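Novice: sharing a sequence plus its predicted fold:
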Amino acid sequence: MKLNLKKVKLAMACKCLSSKGLAGKSGINYVTLIPYLNGKREPGTEALGKIAKALDVDPETLID
C-alpha cells in the first residue's frame, strides 16, 4: 500500500503531532515510522491501521 504522504502530513498538522508524537500515539517505534513518513518504506496493514487510528482518520484516506 502506497501512503499518500501529503495526506498523512496534513492529518499530522491538524492534530498538532510531530513524527515523534505520532510514533508515541500510534505505538509504532519512531525508527520504524520514519521510513514510512519519508516514503522509503510502505507500512503493512497493521501499521497503516495504527497510523490512521492515531490520526483519527479512515485508513483508506491515507493511501493512494
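Specialist: That came through fine.
Novice: what helix or strand is the most centrally placed residue in the chain on?
Specialist: Residue closest to the average C-alpha location in the chain (C-alpha atoms, centre = their mean): residue 51, at 4.1 Å. Secondary-structure element containing residue 51, defined by DSSP states H and E: helix 45-55.
Novice: pLDDT (mean, whole number) over that helix?
Specialist: pLDDT averaged over helix 45-55 equals 97, rounded to a whole number.
Novice: ok so, going back, who are the contact partners of the residue nearest to the centre of the chain?
Specialist: Residue 51 makes contacts with 8, 22, 26, 28, 33, 36, 43, 59, 62, as judged by C-beta atoms under 8 Å, 6 or more residues apart in numbering. (Glycine included, C-beta is placed from N, CA and C.)
Novice: right, and residue 33 touches residue 24 too?
Specialist: No: under the contact definition of C-beta atoms under 8 Å, residue 33 does not touch residue 24, with a separation of 9.8 Å.
Novice: between those two, point out the one with more neighbours.
Specialist: Neighbours were counted for residue 33 and for residue 24 using other C-beta atoms under 10 Å; residue 33 has more, 21 against 14.
Novice: thinking again about what came up before, what's the closest of the contacts of residue 51 to residue 15?
Specialist: Out of the contacts of residue 51, the one with the shortest distance to residue 15 is residue 22. That distance is 8.2 Å, counting by C-beta to C-beta.
Novice: can you tell me the element the closest one falls in?
Specialist: Assigned by DSSP H and E, residue 22 belongs to helix 19-26.
Novice: next, the angle from the helix or strand just after that helix to helix 45-55.
Specialist: Moving toward the C-terminus from helix 19-26, the first helix or strand encountered (DSSP H and E) is helix 30-37. Angle of helix 30-37 versus helix 45-55, following axes from the mean of the first three to the mean of the last three C-alpha atoms, to 10 degrees, is 90 degrees.
Novice: buried ones in helix 30-37?
Specialist: 33, 36-37 (16 or more other C-beta atoms under 10 Å).
Novice: so which elements touch it?
Specialist: The helices and strands touching helix 30-37, judged by 3 or more C-beta pairs under 8 Å, 6 or more residues apart in numbering; DSSP states H and E, are helix 5-14, helix 19-26, helix 45-55.
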